[in-house]
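[1] What follows is a predicted structure for the sequence shown.
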Amino acid sequence: MTSLRRPRTPAIIPGALPTFGLTLVWVGLLVLLPLAALAARPWEDGPRAVLHALADRRTLAALELSFGTALLAAAVCTGLGLLLAWVLERVRPPGWRVLDALVDLPFALPTAVAGITLTALYAQNGWLGGPLARIGIKVAYTPLGIMIALVFVGLPFVVRTLLPVLRALAVELEEAAATLGATRGQIARRVLLPALMPALATGFGLAFARGVGEYGSVIFIAGNRPLVSEIAPLLIVIRLQEFDYGGAAAIGLVMLLTAALCLLGVTLLRRRLPAMRGVAR
């Protein structure tokens, strides 16, 4: 009797299922399990302890400083990153390859070294901090210094996100718009920005998420004064040194959820941008 079973279709990639399963196990052990432990730890002492830890004046000031400076730094990185990516891809001045390599310096440089270097530059007796101090602008040990450090570590995310999009964007589109009588402002507003908006949103989200949790490059230039220049990651370390593990986990959970929501919002925005451009047209 002839069997009616269909022959099993071989996998497109040999060993795909075992590899996928092994990947899920590693992701679960290295990512999901620690995140689950972080989410569960603050509630072991009850909701009242979580609210008490987050309602503390020092905690609120640290969270406000971390999120506020990260938001401003991400906005600055978006503008500077767009300008720098345009120069590297379209202008290409002499020495642009060196400039392109320097963009990745924050990725390769240890964050503590970056923090010490920025502090030495922007201190009141530093090369940049001295002239600024003489006109009344103090950078080191202030929120302004924190924002500069976050711009330093966040700028490469925007530049590296924009460069592939600029390379793929045909120059003929700009030339056609100019042939039709469009000004440079109209070309930038109607041709370039719509194509670059998803990459800009991604770069902004990555710079913000990195800035919220940045520690090494900020700790030296911040000054670490409570209620003035104390960042949330440092407060987590202080809570751990005080054996307040629940309070430290509560602050970490807030930062984790905020960064996750930011990345989720960026993803949703990227999906909506093509439809919004279609409606605008």
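    Received, thanks.

[2] so which strand or helix has residue 211?
    helix 193-213 (DSSP states H and E).

[3] dump the residue contacts of residue 159.
    Counting by Cβ atoms under 8 Å, 6 or more residues apart in numbering, residue 159 touches 81, 84-85, 88, 103, 203. Backbone N, C-alpha and C define where each C-beta goes, glycine included.

[4] repeat for residue 104
    156, 160.

[5] And it, its phi and psi?
    Backbone torsions for residue 104, taken as degrees, to the nearest 10, come to phi -80, psi 0.

[6] Next one: it from residue 156, what distance?
    6 Å (Cβ to Cβ, to the nearest Å).

[7] next one: residue 190
    When Cβ to Cβ is applied, the distance between residue 190 and residue 156 equals 29 Å.

[8] Look up the closest residue to residue 63, ignoring the ones flanking it.
    residue 232 (5.2 Å; Cβ to Cβ, 6 or more residues apart in numbering).

[9] middle-most residue in the chain, spatially?
    residue 207 (2.2 Å; Cα atoms, centre = their mean).

[10] hang on, isn't it packed against residue 73?
    Yes: here residue 207 reaches residue 73: they are 6.8 Å apart, a contact under Cβ atoms under 8 Å.

[11] Spell out which residues are contacts of both of those two.
    Shared contacts of residue 207 and residue 73, counting by Cβ under 8 Å, 6+ apart, come down to 150, 154.

[12] where does residue 127 land in three-state SS?
    What DSSP: H, G, I helix; E, B strand; the rest coil gives for residue 127 is coil.

[13] do the same with residue 136
    coil.

[14] gap between the longest helix anywhere in the chain and the chain center?
    Taking DSSP state H as the criterion, the chain has its longest helix at helix 245-280. Taking Cα atoms, centre = their mean, to the nearest Å, the mean C-alpha location of helix 245-280 is offset from the chain mean by 11 Å.

[15] For the stretch 1-150 of the chain, give me the ranges with low pLDDT.
    Within the stretch 1-150 of the chain, the stretches with pLDDT under 70 are 1-16.

[16] now the strands: where do they sit in it?
    Here the stretch 1-150 of the chain has no strands by DSSP state E, counting those that start in this stretch.

[17] What is the burial count for residue 272?
    12 (other Cβ atoms under 10 Å).

[18] ugh, wrong one, I meant residue 40
    11.

[19] ok, now which ones touch it?
    Here residue 40 is in contact with no residue (Cβ under 8 Å, 6+ apart).

[20] thinking again about what came up before, moving along the chain from the helix holding residue 211, name the first helix or strand you hit.
    helix 216-222.

[21] roughly how far apart are the closest residue to residue 266 other than its chain neighbours and residue 48?
    Spatially, and ignoring its direct neighbours in sequence, residue 266 is nearest to residue 205 (3.4 Å; Cβ to Cβ, 6+ apart). According to Cβ to Cβ, residue 205 stands 34 Å off from residue 48.
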